[in-house]
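Peer 1: could you work out the structure for the sequence below:
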Amino acid sequence: METVKNLKPDFNFLCGIESTVEKNFTLFVGEGNFSFAANYVQNLRKTECEYIIATALITSYLNSEEKSNIEFIKSRGGTVYTDVDAMKLEQHPIISKYQFSKIFFHFPHVPKKMNIKENRALVEHFLISAEKILQENGRISVTLCRKQGGTNAELMPRLFENTWKIVNLASSATLILCEIEFFNYKQYESYKCSGYRGLSKQFDVDGAVTHIFSRGKPVSLPNDSCKSILYNNNMNYFIQTMKNLYESLSRKIDVPYFKMMCALDAVAVQVFDKIFIDELLICGNFLSFMDPTSDYKEKDYCDRTNLCDNCLDCVISAFLNSKKNDDTITFLACSICCVNCFQLHNPLFTHLVAYFSSSDEFIERCLTVLLEMLKFEIPSNTSDFCWLDSSKHLNMRTVVADQFLSSYNREYYQSIYAVCSVRKSNCYIFYTDVEIILEHNKNFCPRSGMKNFEIGHVIKFINNSKTYKVILLNLELISSVKYHIMENRILLLNDAYFCKKVYQETLTTVYRSISLYPPSYVHDVSFWINENFQEKYLFTLAWNVVGALVKNISLIDVYRAGSIIKESRCYRFEYQSFNRVLTKENALKLHMCLRNAMENILKVQLR
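Peer 2: Next up, the predicted model:
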């Protein structure tokens, strides 16, 4: 029987490739019996200029099947190398000379039962090593058995701590998860993924998931300048940083809420008096010294349209100060920033569409139009335009954002909910079976197992003895339903994009970030508050120090002590990035910087 050593081929044909030929090298790691690489080579088209290198950590004798696969790979121009450590690829005398466009590692494992720590270490060190020999736009594919990866793409994910935490491991190599898909083993008829627990037994590939990684950019860490933030009750610094992001996104073309506004206009049959507020409408909360605590209560069962009384005053006053005709339905588009909403749910601003009318019939017609838009694909001829071009594309007249002041009496408001099922298909999450429900805010009962979005409000108000009704729609939340957006913060990214995914054999448009299921990190901070502390200051300070990397801030404990009623609070901060690589170490650095800013700027006593 021939030994592995005798079967080692040379790499002369690779070294002799003409430099004028564009080289696309593909590397297979941990091949075992080389059946996957052999199947891959068999399916390559002759016109493709792709050079295959298949490797394995084999140090024993080869059986007939393994030798047959090796000879087949070599016969098709590929190269095989054994005794290759997947964790030290950059140290290999031949492999280290090349940059690979594709690197595959199927079912990596340490041959022991339930050895999660060693398996994590294997994958982490492989990714770190593979990144060093990866082309600039190359991809690394790692296939794991079902439930091992630790992402929500799994059909029935297990407890995260009992998984391999693959996206966390990838962050150590400055990699992001750019694609994820179920491993379709039926495409590889001759593939036999043997080696389960170090034996010749095959892995259970049913439900296996392929994780595809690409190079990412590390997050930018705040520097000591955060200590010099000019911070006062007017929160001018917060307004400026928020305006900078708003202006940047307002110039981006092909964003979901722009399409939503255009689609609503396209499917409506009425001719509206259209108004566009062409600058950010900032509520008076920023300019007042009063406590901005809102009566609008947190609802854990759904995503919310966050409108406080000041938001409503701004929108309704904008209409009253610019309306032309009481009998015409007015379509008003604007973007609002409100510290109340930011304090509750961490949105920076909300893009709104409002329909005003004195007719009692228009609500039903408007909701019918909304449901029609959500159930069907947006017309393919819908223009791509940026928010700043809204008035030109939709034939609107513009008004300048201002602190409008008009007297009116608001009688009631109802909430508009989009209730939908959540389905997983090929590692993506889709919202289906959308239903629009109009309920009084206090009476809505969420449906078990359904996703609930409070996408808008219906408000009745009186001005100068004239009764009006207005439908306010949150374009961000409607976009989330329509384009299957799992996290609203994706809408704050300049590099998010539309793409097509298959759901029930139909191509469906989704809007996604460049990084899928990115890792998140939780850190707590406890401190004694002073008499000037307000929660809004903590939220705005967090934004100014670490920006959109703060996924969530929640108050988890309050402790009062002593006769003076000294109060201590504990807040939980969750950090995550959808377009950069955030490691565990950098998340801690972000948190420590925020702690320092809290102590220096808010003047709280850390515990």
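
Peer 1: shaky segments in the stretch 101-250 of the chain?
Peer 2: Counting by pLDDT under 70, the ranges of the stretch 101-250 of the chain that qualify are 113-114, 194-202, 223-237.

Peer 1: hey, where'd the helices end up in it?
Peer 2: Taking DSSP state H, counting those that start in this stretch to define them, one finds helices in the stretch 101-250 of the chain at 116-131, 166-171, 236-250.

Peer 1: run through who's touching the longest one.
Peer 2: Where contact means CB atoms under 8 Å, 6 or more residues apart in numbering, the residues beyond helix 116-131 that reach it are 27, 29, 86-90, 103, 105, 108-110, 112, 140, 142, 162-166, 169-170, 172-175, 213, 215. C-beta: built from backbone N, CA, C; applies to glycine.

Peer 1: helices of the stretch 251-400 of the chain, start to end?
Peer 2: With helices called from DSSP H, counting those that start in this stretch, the stretch 251-400 of the chain shows them at 256-267, 309-320, 339-345, 362-375, 390-393.

Peer 1: just how off-centre is the second one within its chain?
Peer 2: By that I understand helix 309-320. On the basis of CA atoms, centre = their mean, to the nearest Å, helix 309-320 sits 31 Å off its chain's mean C-alpha point.

Peer 1: and if you look at the shortest one?
Peer 2: Centroid separation between helix 390-393 and its chain, computed with CA atoms, centre = their mean, is 29 Å.

Peer 1: report the buried residues of that helix.
Peer 2: For helix 390-393, burial by neighbour count (16 or more other CB atoms under 10 Å) applies to 390-391, 393.

Peer 1: show me what it is packed up against.
Peer 2: Contacts defined by 3 or more CB pairs under 8 Å, 6 or more residues apart in numbering; DSSP states H and E place helix 390-393 against helix 256-267, strand 273-277.

Peer 1: re the thing from before, which of the helices of the stretch 101-250 of the chain is buried the deepest?
Peer 2: Highest mean neighbour count of the helices of the stretch 101-250 of the chain: helix 166-171, a mean of 25 (counted as mean count of other CB atoms under 10 Å).

Peer 1: so how far is it from its chain's centroid?
Peer 2: 16 Å.

Peer 1: what residues of stretch 429-442 count as buried?
Peer 2: The neighbour-count check on stretch 429-442 (16+ other CB under 10 Å) flags 429-431, 434, 436, 438 as buried.

Peer 1: hang on, the earlier thing: adding distance to Lys536, mean neighbour count and mean pLDDT, write the helices and strands packed on helix 390-393 out as JSON lines.
Peer 2: Output for these, formatted as JSON lines (distance: least, CB to CB, whole Å; neighbours: other CB atoms under 10 Å; pLDDT from 0 to 100):
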{"stretch": "helix 256-267", "distance to Lys536": "25", "mean neighbour count": "22", "mean pLDDT": "84"}
{"stretch": "strand 273-277", "distance to Lys536": "24", "mean neighbour count": "21", "mean pLDDT": "90"}
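
Peer 1: okay, these in TSV with distance to Gln42 next?
Peer 2: Listed next are the helices and strands packed on helix 390-393 as TSV, based on distance: least, CB to CB, whole Å:
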stretch	distance to Gln42
helix 256-267	42
strand 273-277	58
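
Peer 1: what's the closest of the ones you listed to Lys243?
Peer 2: Nearest to Lys243, of all these, is strand 273-277, at 14.4 Å by CB to CB.

Peer 1: contacts for the closest one next, please.
Peer 2: Under the criterion CB under 8 Å, 6+ apart, residues 265, 318-319, 322-325, 328-335, 390-391, 394-401 lie in contact with strand 273-277.

Peer 1: list the strands paired with it, with their directions.
Peer 2: Partners of strand 273-277 in the sheet, by DSSP bridges, are strand 330-337 (parallel), strand 397-399 (parallel).

Peer 1: from those strands, which stretch is densest packed?
Peer 2: strand 330-337 (a mean of 23).

Peer 1: and it, how far from the chain's centre?
Peer 2: Relative to the chain's own centre, strand 330-337 is displaced by 26 Å; criterion: CA atoms, centre = their mean.

Peer 1: any idea of the angle that strand forms with helix 236-250?
Peer 2: Between strand 330-337 and helix 236-250, the angle comes out at 130 degrees (axes from the mean of the first three to the mean of the last three CA atoms, to 10 degrees).
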